[in-house]
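S.K.: fold the following and give me the result.
(chains A and B)
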Amino acid sequence: MSDLEMAATTELGVRPSGDPAAGPAATAKTRSLYADAWYDLRRNWIFWVASALVVLIVLMAVWPGLFSSADPTACNTRRQFAGPSGGAILGYDFQGCDVFSRTVHGARASVLVGVFAVLMTGVIGLVFGMLAGYFGGWLDAILSRVVDVVLGIPLLLAAIVLSKRLSADRQGSGIATVVIVLGILGWTTAARVMRGSVIAARSQDYVAAARMLGAGPLRIMWRHILPNALAPFIVVLTIALGTFIATEATLSFLNIGLRSPAISWGIDIATAGKHVRESATPLVAPSVFLTLTVLAFIMLGDAIRDAFDPKLR
Amino acid sequence: MQVRRLIAGTLVPLAVTAGLVGCNSGDSAKVDPTGVVSIQIAEPQHLLPSNTNDASGIQVLSALYAGLVSYDQSFKPVPDTAQSIESSADHRVWTIKLKDGYTFHNGEKVRADNYINAWNYAAYGPNAQNNGYFFSRIQGFGETQLGPDPDGADGPEKPAPPKAKTMSGLKKIDDLTFQVTLSEPFTEFETVIGYSAFYPLPDAAFTAPGVINEDFEAAPIGNGAFQMNGKWEHDAKVEVAKYDGYPGTKPKVGGVEFRIYLQPSAAYADVLSDNLDVIPQIPTESIVTAPDDLGDRFQRSSASQFQFLAFPTFETEFSKPEVRKAISMAIDRDEIVRSVFKGSQQSARSFVSPVVAGYRENTCGEACEFDPGKAKALYEQNDGPKKLNLAYNSDGPHKDWIDATCNQLNANLGVECVATPEPKIADLLTKVEEKQDVGIFRLGWTMDYPSMESYLGPLYTTKGSSNYYGFSNADFDRLVSEGAAAKTPEESIAKYQDAENILAQQLPVIPLRFAQNNYGFSTRVQNVVVDLFSRIDLSQIEVLG
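M.R.: Residues are numbered from 1 along each chain as shown, chains lettered A, B, ... in the order given. Predicted coordinates:
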């Protein structure tokens, strides 16, 4: 659970004000919170580096052919651990597959798992956090205890049980299985952050005003609270995306996540690890890509948090 | 019940003292006759001769027990604790005379009764012993088995109890002689009784006739060169010490510590650092570095294991021998041996191991020759399936070579081949038995006794205990049973070879490789010999002082 909890430590306290007019008067024109954050982000080099990496990785995931024309499944042991040649700029692995091509194609599984797991945790976290924060009382008590319970489940243990269960009827486990495992276990931080910022927003004057004007709870939540409580939630999810990608690689490495013939960095790292004394490149290449990807998302999340959090200015 | 014997590399049988690839003795270092040697094993399933069929358990039992026969250089049986073994002219009635002077570790004299009681216990159906089927050739075996279960294994009704407690074919002549009558002639019975299932049990093993003492397995009492030193410490070790009352060849060490490892890689690391003396099988991923790591302490010897791919011949897509032949021809065996196994195994082009008498090279003929062009043409002519599944068990070291095989099939047949792991061999075999669609699956087979029959009978006859592919050929069955009943070994072999020719045409399985023992040892020991059954020969190993 440690990866997911790392995300929790980045939890923002409560944004001090939902009032759009409260942004710093850098220019005479008043800016919304989001415009203000964007203004800040543009001047942060970390943001640009992280964004460039993210764009690169998404491109790899969507059009791997742009980077490598070799077929990652065309393997021939005659080329086992052969050095770089032609298109294979990183040489070949134990099975004689093109290391660079496999690494590039491995991005797709990671990005898909990351994005879908974040969507799933986002939806669950949003609903739980919003309901608990807005209504409070006994509902909050129950929902918060549910969060505590889920938080107490050890990730790897639960992942082993769930993926065995989910893939019992299928041949191996696919991306859907990993997404479900991560979604079920990973939403708690997002829910807690959401709950915190909803509680802060709920007591604002404009909420009281909306209520007096006769707005129902749904409308208040959707129109008034959500836009003002969303920023820390987005930050947490961005960072979580990175940690989900790392967790997917962990599960695949332990043979409980994706399985061949799926191409995943975790699988390739596990296979290459056994033969590291013969050739290190097949181990190093996917490891470096995995590290950079995770780093990119965490740096991006950090930069966004800095932009949103005036206390750090 | 033979399921466990199929686990590649972990199962093995029989005592063989034949040295295969010995190492040099006569070094200047002094040999310590009281030294204790440590040997890697996995946790044995059982330590009772009638119930032990895993390699580790048999390795321990071979220290504690001595068999009726052992095998010479050419794998012919020679009497060991038996004085003589004589058969009637039709090979149906066998008279076994024991040598005088053998005692169990508790001092009991070894008598004919010890064999008869042990064999009857092993065969008796309700005891459900893993090795019970080894006694099925003995007359009266059928009467000791449970009747058919009227409502299946899950139903409330119990199967009919056996008609007899003992086999009528076992008869005591005098204290040191007994007679075995078989239900059908079997020329090679003398070879079979070297297997560990045929060891005797002392009277101390039984609390009542036919009832084994529950504690016996924790510290088995045998008739062999070593006796238990303490008890079997589960998941830790089994220690044995030299038994002075043993009249056979005396071991050159004071004792053996069988150390139980979960991970072969951990055992290998311990050998490198001299914390462990012998690892009988070096893990595949370390084979390439082993010559550097161990120098001449890394050695190889022949083993009897045979690896193959089996087809569910009952599935229509694999029902044509031509399709099976095309798949076989699309696999480059030598390339996999070179790249994945680094030469630590041999390509197989026959259906029995080279270690048995009657082995011929390349009985498989054209079907085992790598010819991608012909393979593809043949495959397409016969509408071979577009998608292939290669099922394997992930608890054995199979992923690398299965992946490599799949890649070859992809490239050479233009199919979409997927390697599908099952957690355990038992899961895989259960699925096959239930005729689920697992596709092609891998199996490995280690012989129980040095005979072609040990491969042909169980694997391919219609009633064979490990015939998982639905292969049934009347001519084949007839030739194998004729071979078993033949008057001379030469006649047997001729029949078996004819049977093997049928396999080469029908290809219910395709041979891939014959295994070798790739073992390593520490600087503390010498004369380490690993035999055909992948067991360390404890009568030869020496500890340096």
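
S.K.: ok and the residue in chain A nearest chain B?
M.R.: Among all residues of chain A, A:Thr77 sits closest to chain B, at 3.6 Å; criterion: CB to the nearest CB. Where you see a C-beta, it was placed from the backbone N, CA and C, and this is true even at glycine.

S.K.: dump the residue contacts of the closest residue to that residue other than its chain neighbours.
M.R.: Spatially, and ignoring its direct neighbours in sequence, A:Thr77 is nearest to B:Ser339 (3.6 Å; CB to CB, 6 or more residues apart in numbering or on different chains). Under the criterion of CB atoms under 8 Å, 6 or more residues apart in numbering or on different chains, the contact partners of B:Ser339 comprise A:Thr77, A:Arg78, A:Gln80, A:Gly96, B:Ala404.

S.K.: hmm, try it at 10 Å
M.R.: With contacts taken as CB atoms under 10 Å, 6 or more residues apart in numbering or on different chains, B:Ser339 has the following neighbours: A:76-81, A:94-96, B:332, B:400-401, B:404.

S.K.: how about the residues of the stretch 401-545 of chain B by chain A?
M.R.: Along the stretch 401-545 of chain B, the residues adjacent to chain A under the rule CB under 10 Å from any CB of the partner chain are B:401-408, B:410-411, B:416-421, B:423, B:438-439.

S.K.: chain B contacts on chain A?
M.R.: Taking CB under 10 Å from any CB as the criterion, chain A approaches chain B at residues A:71, A:73-81, A:94-97, A:164, A:171-172, A:255, A:259-261, A:270-271, A:273-278.

S.K.: report how many residues lie close to residue 222.
M.R.: Answering for chain A, as no chain was given. 13 (other CB atoms under 10 Å in any protein chain shown).

S.K.: chain B is the one I meant
M.R.: Other residues near B:Gly222 number 29, with proximity taken as other CB under 10 Å.

S.K.: you'd agree it is up against B:Tyr65?
M.R.: Yes - with the criterion set as CB atoms under 10 Å, B:Gly222 and B:Tyr65 qualify as a contacting pair; they are 4.0 Å apart.

S.K.: identify the contacts common to the two.
M.R.: With contacts taken as CB under 10 Å, 6+ apart, B:Gly222 and B:Tyr65 have B:Pro49, B:Phe104, B:Tyr199, B:Pro200, B:Leu201 as neighbours in common.

S.K.: a markdown table for those, including secondary structure?
M.R.: Rendered in a markdown table, the data for the shared contacts of B:Gly222 and B:Tyr65 read as follows (DSSP: H, G, I helix; E, B strand; the rest coil):
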| residue | secondary structure |
| --- | --- |
| B:Pro49 | coil |
| B:Phe104 | coil |
| B:Tyr199 | coil |
| B:Pro200 | coil |
| B:Leu201 | coil |
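
S.K.: so can I have a markdown table of these showing pLDDT, distance to A:Asp36 and neighbour count?
M.R.: Rendered in a markdown table, the data for the shared contacts of B:Gly222 and B:Tyr65 read as follows (pLDDT from 0 to 100; distance: CB to CB, whole Å; neighbours: other CB atoms under 10 Å in any protein chain shown):
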| residue | pLDDT | distance to A:Asp36 | neighbour count |
| --- | --- | --- | --- |
| B:Pro49 | 94 | 82 | 28 |
| B:Phe104 | 96 | 90 | 25 |
| B:Tyr199 | 95 | 85 | 29 |
| B:Pro200 | 96 | 90 | 26 |
| B:Leu201 | 96 | 87 | 27 |
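
S.K.: count the neighbours of B:Ser539 for me.
M.R.: The local packing of B:Ser539 (other CB under 10 Å) involves 18 other residues.

S.K.: work out for me the element it sits within.
M.R.: Secondary-structure assignment from DSSP states H and E places B:Ser539 in no helical or strand segment.

S.K.: how near is A:Met221 to A:Val127?
M.R.: Computed with CB to CB, to the nearest Å, the distance linking A:Met221 and A:Val127 is 10 Å.

S.K.: look at the two and report which has more neighbours.
M.R.: For A:Met221 against A:Val127, the residue with the higher neighbour count under other CB under 10 Å is A:Met221, and the figures read 21 against 14.

S.K.: in this structure the more buried one contacts A:Met194, no?
M.R.: No - with contact defined as CB under 10 Å, A:Met221 does not count as touching A:Met194 (11.1 Å).

S.K.: pull up the overlap in contacts between the two.
M.R.: Counting by CB under 10 Å, 6+ apart, the contacts common to A:Met221 and A:Met194 are A:Met130, A:Leu131, A:Gly133, A:Ala229.

S.K.: quick check, pLDDT for the residue of chain B found nearest chain A.
M.R.: When distances are taken as CB to the nearest CB, chain B reaches nearest to chain A at B:Ser339, 3.6 Å away. As predicted, B:Ser339 sits at a pLDDT of 91.

S.K.: ChimeraX command to pick out the buried ones of the residues of chain A next to chain B?
M.R.: Here is the ChimeraX command that selects the buried residues among these (16 or more other CB atoms under 10 Å in any protein chain shown):
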select /A:73,75,76,77,79,80,81,94,95,96,97,172,255,259,260,261,270,271,274,275,278
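
S.K.: pull the most distant pair out of the contacts of B:Ser339.
M.R.: Using CB to CB, the pair of the contacts of B:Ser339 lying farthest apart is A:Phe81 and B:Asp332, separated by 17.7 Å.

S.K.: so where does A:Val235 fall, helix or strand?
M.R.: For A:Val235, the host element (DSSP H and E) is helix A:226-253.

S.K.: again, but for A:Gly122
M.R.: Per DSSP H and E: A:Gly122 is located in helix A:99-135.

S.K.: next secondary structure after that helix?
M.R.: Next helix or strand after helix A:99-135 toward the C-terminus (DSSP H and E): helix A:137-151.

S.K.: for that next one, packing partners?
M.R.: helix A:2-9, helix A:99-135, helix A:175-186, helix A:188-202 (3 or more CB pairs under 10 Å, 6 or more residues apart in numbering or on different chains; DSSP states H and E).

S.K.: what are the boundaries of the helices in the stretch 251-400 of chain B?
M.R.: Secondary structure of the stretch 251-400 of chain B (DSSP state H, counting those that start in this stretch): helices at B:264-272, B:284-287, B:290-294, B:321-329, B:333-339, B:372-381, B:399-413.

S.K.: buried sites along the fifth one?
M.R.: Of the residues in helix B:333-339, those buried by neighbour count under the rule 16+ other CB under 10 Å are B:Arg333, B:Glu335, B:Ile336, B:Val337, B:Ser339.

S.K.: let me know the closest of these to B:Ala269.
M.R.: Of all the buried residues of helix B:333-339, the one sitting nearest B:Ala269 is B:Ser339; the distance, using CB to CB, is 24.7 Å.
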